[in-house]
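# Generate coordinates for the sequence data below:
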Amino acid sequence: MRNFLPVIFLLSSFSLALGQEAPAPAYGLSGDRASDDELVVPAMVSGDSESALFPAEGERSNYLNAGLSFGTAYDDNTLGTATNPVGDTSFTVAPFISIEQTRARLRWQADYAPGFTFYRQLSQRNQDDQNLSVGLEYRLTQHVTMRLKDAFLKSSNFLGGLAQVQQSPFGTLQQSNPTLITPVTNRVSNTGSAEVTYQFGPNSLVGARGISNELFFPDSVQTTGLADSHSQAAEGFITHRIARTHWIGVTYHFQQILTDVNEARNSSQAVLATYTMNVTPAMTLSVFAGPQYSNSSSQLAPASAKWLPAVGMNYNWETTRCAFMAGASHRISDGGGLQGAVQLTSFESSFRYEWARKWTLRVGGSYGRNELIETFGLPSQDVASLIGLVSVSHQIGEHLSIEAGYVRAHQQALGSSVVSSYDRNRPQITITYSFSRPLGR
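Numbering: from 1, shown residues only. The predicted structure follows:
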């Protein structure tokens, strides 16, 4: 994590150097709520995640947010075993801090959220989590924008994308695979990306992006059979806005995945057509589709090649009191712990509804099916997993909130010897104290 310190220092230096207001650019920054004359690139093209936030939750900028959460949960199958499940109660303490600043040509954000989990009986499984991310968007010229992002995560939380409302694993750009439900063990990942875009017209944009993702399971005794993986990807894309509500584009995607077990390698190339429609100002639908050419090799077998389809969609809708997002995709991905690259079929949705003042209902779910592209003569390791979540939260005062929820997880191992078929039930309660302070005001 010390690698983040120079990045955060550079972000602060940029902010101080560019603190003076400059003439407003002709075109809006990606993701900004802009006027009708500004070009706001769809999330599927820009690489941003779709969210299930209410509009008011995403409008503020130049703020420091911090707080502390305390949670307790009971997991009836903590070790994730098919027979003789072991249940245990856990207690979690999780402070967090987030800094976000926006200037005329610069926008940056840094988030840090460590966590400490203690088990009542399985004290040897006590965990410390680390969640650190930084992002920077800087307008080099009136029409050229640079974006840098990096995220480090060390966690034993099996909820994956459901752990945070803002996350979504769908779209053409996501590299990591969070769908495998592992027992209580450390999962360490680091994802970084760099991007440059050039807006060569009021309705047209071209860009290039590089992405790197590393996945490790450091506790080898607790993770027998789970494999570390390393993936790198490069993309080039062009997109054009037709009228005010329709976008079309083409993305070329090249990816390499190395799995440490048996040095299984996969390289793939894809040409994807993208389409986005802003149905209403509060509703967006995006789809992508195209062919993928896959080439796999291993120490156990010679290289083999095949053509595979890539297809996906995102839907996002938000009103003052409702927020809904859903996504689905079928694409090549790292195995998330399996011993090779996979064809990942995934679905996820999240719905939030404020039915009364300071009372919010949240319902979410995710499904993932991982099918090894090549088994190289080994037994099949295909795995399907399903997670469902429902919770109710109440804002007690200006700074204090409480949330009670229930999580149900099911995993079916289809011939796999790496993970087991099992079910998990997890009721949980979390109390959070938080505050916000404006910056530079």
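# Please make it C-alpha for all contacts and neighbour counts, starting now.
OK.
# Residue 150 against residue 190, yeah?
Yes - with contact defined as C-alpha atoms under 8 Å, residue 150 reaches residue 190; the gap is 7.3 Å.
# Would you mind measuring from residue 369 to residue 335?
10 Å (C-alpha to C-alpha, to the nearest Å).
# Those two - which one has more neighbours?
residue 335 (31 against 22; other C-alpha atoms under 10 Å).
# Now for residue 128, how many residues are close by?
By the criterion of other C-alpha under 10 Å, residue 128 has 17 neighbours.
# Go ahead and confirm it touches residue 119.
No - with contact defined as C-alpha under 8 Å, residue 128 does not reach residue 119; the gap is 11.8 Å.
# what residue ranges in this structure are flagged as low confidence?
1-60, 158-175, 220-224, 377-380, 415-418, 440-441 (pLDDT under 70).
# redo that, cut-off 50
1-38, 160-175 (pLDDT under 50).
# all helices for it, in order.
For the chain, the helices defined by DSSP state H cover 4-17, 43-46.
# which residue sits closest to residue 240 in space, ignoring its chain neighbours?
Leaving out its chain neighbours, the residue that sits closest to residue 240 by C-alpha to C-alpha, 6 or more residues apart in numbering is residue 204, at 4.4 Å.
# ugh, typo on my part, it should be residue 238
Nearest residue to residue 238, sequence neighbours excluded (C-alpha to C-alpha, 6+ apart): residue 206, at 4.3 Å.
# Count the residues that sit near that neighbour.
19.
# I'd like the distance between it and residue 374.
Separation of residue 206 from residue 374 (C-alpha to C-alpha) stands at 35 Å.
# cool, and residue 436?
50 Å.
# higher neighbour count, these two?
residue 374 (23 against 14).
# for the closest residue to that one other than its chain neighbours, what are its contacts?
Excluding the flanking residues, the one nearest residue 374 by C-alpha to C-alpha, 6+ apart is residue 296, at 7.0 Å. The contact partners of residue 296, by C-alpha atoms under 8 Å, 6 or more residues apart in numbering, come to 264-267, 303-305, 373-374.
# So what's the residue count around the nearest residue to residue 236 once chain neighbours are set aside?
The shortest distance from residue 236 to any non-neighbouring residue, by C-alpha to C-alpha, 6+ apart, is to residue 208 (4.4 Å). Residues near residue 208, counting by other C-alpha under 10 Å, number 16.
# In the beta-sheet assignment, what are the partners of residue 198?
Beta-bridge pairing of residue 198 under DSSP bridges involves residue 144, residue 206.
# got a list of what the residue lying closest to residue 394 once chain neighbours are set aside touches?
Nearest non-adjacent residue to residue 394, counting by C-alpha to C-alpha, 6+ apart: residue 359, 4.7 Å away. For residue 359, the contact set (C-alpha under 8 Å, 6+ apart) comprises 392-395.
# Which strand residues bridge residue 359?
Listed beta-bridge partners, residue 359: residue 356, residue 394 (assigned using DSSP bridges).
# Distance-wise, check it relative to residue 67.
Relative to residue 67, residue 359 is positioned 20 Å away (C-alpha to C-alpha).
# And residue 61, by the same measure?
For residue 61, the distance to residue 67 equals 18 Å [C-alpha to C-alpha].
# And for the residue lying closest to residue 293 once chain neighbours are set aside, the neighbour number?
Of all residues not flanking residue 293 in the chain, residue 307 sits nearest, at 4.7 Å (C-alpha to C-alpha, 6+ apart). Using other C-alpha under 10 Å, residue 307 has 13 neighbouring residues.
# So residue 307 sits against residue 294, correct?
Yes - at 6.1 Å, residue 307 counts as touching residue 294 under the criterion of C-alpha under 8 Å.
# Next up, the contacts around the residue lying closest to residue 64 once chain neighbours are set aside.
Nearest residue to residue 64, sequence neighbours excluded (C-alpha to C-alpha, 6+ apart): residue 99, at 4.7 Å. Residues in contact with residue 99, defined by C-alpha under 8 Å, 6+ apart, are 62-65, 109-111.
# Can you lay out those residues as TSV showing neighbour count and distance to residue 196?
Shown next, in TSV, are these (neighbours: other C-alpha atoms under 10 Å; distance: C-alpha to C-alpha, whole Å):
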residue	neighbour count	distance to residue 196
62	18	24
63	18	26
64	18	28
65	16	29
109	22	18
110	22	20
111	18	23
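# Tell me which entries of these lie within strands.
Using DSSP state E, 63-65, 109-111 are the members of these that sit in strands.
# Which of the residues you listed sits closest to residue 288?
Relative to residue 288, the closest of the ones in strands among the contacts of residue 99 is residue 109; by C-alpha to C-alpha it sits at 28.7 Å.
# Report the spatially nearest residue to the closest one, omitting neighbours in sequence.
That would be residue 100: by C-alpha to C-alpha, 6+ apart, it lies 4.3 Å from residue 109.
# now residue 122
Per C-alpha to C-alpha, 6+ apart, closest to residue 122 is residue 88, 7.2 Å.
# burial measure for that neighbour, as a count.
Per other C-alpha under 10 Å, the neighbour tally for residue 88 reads 16.
# Who does it form a beta bridge with?
When assigned by DSSP bridges, residue 88 has beta-bridge partners residue 75.
# Correct me if wrong: it contacts residue 125.
No - Residue 88 is beyond contact range of residue 125, at 10.7 Å (criterion: C-alpha under 8 Å).
# list the residues that contact both of these two?
Common neighbours of residue 88 and residue 125 (criterion: C-alpha under 8 Å, 6+ apart): residue 119.
# wait, residue 343 sits on residue 330?
Yes - here residue 343 reaches residue 330: they are 6.9 Å apart, a contact under C-alpha under 8 Å.
# could you pull out the strands for the stretch 201-350 of the chain?
Under the criterion DSSP state E, counting those that start in this stretch, strands of the stretch 201-350 of the chain are mapped to 204-216, 229-242, 246-259, 264-280, 283-298, 301-318, 322-333, 342-356.
# tell me what the shortest one is packed against?
Put plainly, it is strand 322-333. With contacts defined as 3 or more C-alpha pairs under 8 Å, 6 or more residues apart in numbering; DSSP states H and E, the packing partners of strand 322-333 are strand 301-318, strand 342-356.
# Can you tell me how far the residue nearest to residue 236 is from residue 293?
20 Å.
# picking that back up, who does the residue nearest to residue 374 form a beta bridge with?
The partner list for residue 296 in beta bridges (DSSP bridges) reads residue 266, residue 304.
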